[in-house]
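Asks: Turn this into a structure:
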Amino acid sequence: MRKQDKINLPKTVETPSRFKNSISKYIIRRNSKCAACGLCAKLCPYGVHIKHDNYAKTIRPKEHKCIGFKCKTNNFFCIDNCPQNALTLKENPALETLGDYRWTPEMLIAHWEMAETGNLPIVDLEYSLGNSGGGFDKIRFKIPEKQNRINIADNIIDMSVSLNRSGDNRIKKVISIPCYGGGMSFGSTALSVLTGRAKAAHALNTLTCTGEGGYPEEFLPYKDHVITQVATGLFGVREDTILNAPIVELKYAQGAKPGLGGHLLGDKVTKEVAALRETVVGNSLFSPFPFHSVYSVEDHKKHVDWIKEINPSCLISVKVSTPIDVEMVAIGSYYAGAHIIHIDGSYGGTGAAPDIAKKNIAMPIEYAIPKVHRFLTAEGVRDKITVIASGGIRNALDVAKAIALGADGVVIGTAELVALDCIRCTNCESGRGCARGIATTDIELRDMIEEKYVMRRIINMYMAWRKQWSELLRTYGLKSIKELVGRTDLLVNLDYLDEKEKSKYKPAPNFEMIR
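Replies: Just a heads-up that it's a prediction; the model follows:
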């Protein structure tokens, strides 16, 4: 890309939540004194209050747009300006029951807002840090030097990632953002969600992955943006689906449940799911661990060669978990002929992944990335293979931190579902457990969500993330996401700072755009 080439960014479309009453940080109530004068709607610049004919009293405020008590210093603060004293404001007590240590209530609410508007939240929310007490929550970007900042427009900053760096004659696949969608199978997730993700990947010029549930024909219009996965259960793996794919992912292990293989419980195996997976309705499906034909790099190379022989143009991605010798797995995959090494750390997976596994087995991804990056560099092959990381990467700054640690890009799963109104109830394994109609195959629940809604919400979220990445790069004088790869010198870990130094990083900057 030339210095001043402009990038065509997909358009964002405001896409409000499917649910009438969105969950917000603040609650605003009108009491019986309200005279429906409409003054609050006239004063509020954020669109919290709506005046509709003469019935403002009956229309509930859009509370998720309210900036809360911070507005008290403004001359348009609705609570103080109401002539009838009919408005009250308080923090939402539901936040005490929402989310968890990694996905906090404020992070969830912020992602819903980004998915609705395509912009960063105006409400005072901490959406780049959780309360886990470790991992990416302890890693921060250093406070930047002001003289390093450059002024460059968002649509000039290069966020692209090349997925074929091998120099072979296969496709030169380049994605326009440093993220693509993680494997979610037909069976684990509603078909409208899967096809909506594929539509979003097409619009964003990135990718999404089938998971190990086979290749629904609804993916065919977007096949250039769909990775097909060959996992240990070989569910739905056929020659024609491998021929459709620009990238085939050999899934050896998943960071959320290494040593266990995949599982899909019987109440999610409907007639359609069973047909695609070539199995029996209502029968629980368990993928073995590992591929019983692979016990060495030589065996692994036979798998890679098998896929390459079927599809002479596709790229090969190898998905592995993060054992202590993950760097040896990475170099073995390179010599086996893979184009992408996809390392998947602990805390990946949806609510269907067992906590006992994802909290205790695989190496956290923030340790695995620099280990792989340094080893491949020392071996002289780092520029010949693409390193993709996943496993608990929740937000735009997590993505940037993973890249600064040494990844070329990341795979996103849970955040895409959060964009679709997921509340992290962790009932993903149950056929009727998902109250939001996302992780379900139930005939009633799956109709709650439309493809277009999925596409727009995911596009909006990534465009909001892109604004954060652009601001971060500008702050450090960088013009491309590629320049951030391996820049550990821009990071600090709070565990290695004294209390005085730690105080400088509380709270961490969200790298927000000036609005």
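
Asks: what's the distance between stretch 371-389 and the middle of its chain?
Replies: The chain centre lies 23 Å from the centre of stretch 371-389; the measure is Cα atoms, centre = their mean, to the nearest Å.

Asks: what about that stretch, how long is it end to end?
Replies: Start and end residues of stretch 371-389 are separated by 12 Å (Cα to Cα, to the nearest Å).

Asks: buried sites along it?
Replies: By neighbour count on 16 or more other Cβ atoms under 10 Å, the buried set for stretch 371-389 is K371, V372, H373, F375, L376, V381, R382, I385, T386, V387, I388, A389. For every residue, glycine as well, the C-beta is placed using N, CA and C.

Asks: What of stretch 138-154?
Replies: Of all the residues in stretch 138-154, those buried under the rule 16+ other Cβ under 10 Å are K138, I139, R140, F141, P144, I152, D154.

Asks: okay, and the helix or strand of the protein with the least pLDDT?
Replies: Using mean pLDDT, DSSP states H and E, helix 355-358 stands out as the lowest-scoring helix or strand of the chain, at a mean of 53.

Asks: Tell me the first helix or strand C-terminal of it.
Replies: Scanning forward in sequence from helix 355-358 by DSSP states H and E, the next helix or strand is helix 365-378.

Asks: neighbouring contacts of that next one?
Replies: Applying Cβ atoms under 8 Å, 6 or more residues apart in numbering, the contact partners of helix 365-378 are 135-136, 139, 255, 322, 326-328, 330-331, 334, 341, 343-348, 382, 385, 387, 389-393, 401-402, 405-407, 486, 488.

Asks: Can you flag which of those residues belong to helices?
Replies: Mapping the contacts of helix 365-378 onto helices (DSSP state H) picks out V326, E327, M328, A330, I331, Y334, K401, A402, L405.

Asks: By neighbour count, which of those wins?
Replies: A402 (31 neighbours; other Cβ atoms under 10 Å).

Asks: mind checking how far that residue is from G477?
Replies: Per Cβ to Cβ, to the nearest Å, A402 is found 21 Å from G477.

Asks: can you check I50 too?
Replies: 44 Å.

Asks: what's the answer for C44, then?
Replies: 39 Å.

Asks: Have a look at the two and say which one is more surrounded.
Replies: For C44 versus G477, neighbours defined as other Cβ under 10 Å are more numerous around C44 (22 against 14).

Asks: Looking at the closest residue to the more buried one other than its chain neighbours now. What's its pLDDT?
Replies: Distances taken as Cβ to Cβ, 6 or more residues apart in numbering place C78 nearest to C44, at 5.8 Å, with adjacent residues excluded. pLDDT for C78: 95.

Asks: my guess is W465 contacts N395, does it?
Replies: Yes: between W465 and N395 a contact is recorded at 7.4 Å, counting by Cβ atoms under 8 Å.

Asks: top helix in this structure by residue count?
Replies: helix 451-475.

Asks: Beyond that helix, next helix or strand please.
Replies: Sequence order places strand 491-493 as the next helix or strand after helix 451-475, per DSSP H and E.

Asks: what's the spacing between that following strand and its chain's center?
Replies: Taking mean C-alpha positions (Cα atoms, centre = their mean), strand 491-493 and its chain are 22 Å apart.

Asks: now the helices: where do they sit in the stretch 51-200 of the chain?
Replies: 78-81, 105-117, 191-204 (DSSP state H, counting those that start in this stretch).

Asks: Tell me who's in contact with H300.
Replies: Counting by Cβ under 8 Å, 6+ apart, H300 touches V294, V318, G332, S333, A336.

Asks: mind checking how far the nearest residue to H64 once chain neighbours are set aside is from L98?
Replies: Excluding the flanking residues, the one nearest H64 by Cβ to Cβ, 6+ apart is S24, at 3.9 Å. As judged by Cβ to Cβ, S24 and L98 stand 11 Å apart.

Asks: Ok, R432 next?
Replies: According to Cβ to Cβ, R432 stands 21 Å off from L98.

Asks: Those two - which one has more neighbours?
Replies: L98 (17 against 13).

Asks: quick one: contacts for S17?
Replies: By Cβ under 8 Å, 6+ apart, the contact set of S17 is W112, E116, D421.

Asks: pLDDT score assigned to the first one?
Replies: Right, W112. 97.

Asks: Ok, Q147 next?
Replies: Q147 is assigned a pLDDT of 91 by the prediction.

Asks: what's the spacing between it and Y505?
Replies: 21 Å.

Asks: what do you get for F77?
Replies: With the distance defined as Cβ to Cβ, F77 ends up 32 Å from Y505.

Asks: Likewise for D344?
Replies: Relative to Y505, and taking Cβ to Cβ, D344 is found at 28 Å.

Asks: And the two? Which one has more around it.
Replies: Higher neighbour count among D344 and Y505: D344, with 30 against 18, using other Cβ under 10 Å.

Asks: surely that one meets A362?
Replies: Yes: counting by Cβ under 8 Å, D344 touches A362, with 7.5 Å between them.

Asks: low-confidence ranges in the stretch 201-350 of the chain?
Replies: Applying pLDDT under 70 to the stretch 201-350 of the chain flags residues 254-261, 348-350.

Asks: show me where it has strands.
Replies: For the stretch 201-350 of the chain, strands defined by DSSP state E, counting those that start in this stretch occupy the ranges 208-209, 226-230, 247-251, 263-264, 285-286, 315-320, 340-344.

Asks: Compare those and report which one is nearest to R29.
Replies: Comparing those against R29 with Cβ to Cβ, the closest turns out to be strand 208-209 (41.2 Å).

Asks: Check which helices and strands the closest one sits against.
Replies: Applying 3 or more Cβ pairs under 8 Å, 6 or more residues apart in numbering; DSSP states H and E, one finds that strand 208-209 contacts strand 179-181, helix 191-204, strand 226-230.

Asks: so who does G236 touch?
Replies: F186, T210, E212, G213, G214, Y215, L276, R277, E278.

Asks: how close does the nearest residue to it once chain neighbours are set aside sit to T279?
Replies: Leaving aside its sequence neighbours, G236 sits nearest to G214 (Cβ to Cβ, 6+ apart; 2.0 Å). Computed as Cβ to Cβ, the G214 to T279 distance reads 10 Å.

Asks: Also G135?
Replies: Counting by Cβ to Cβ - G135 and T279 are separated by 37 Å.

Asks: Break the chain down into its structural domains.
Replies: 26-91, 151-298+306-504 (automatic domain parsing).
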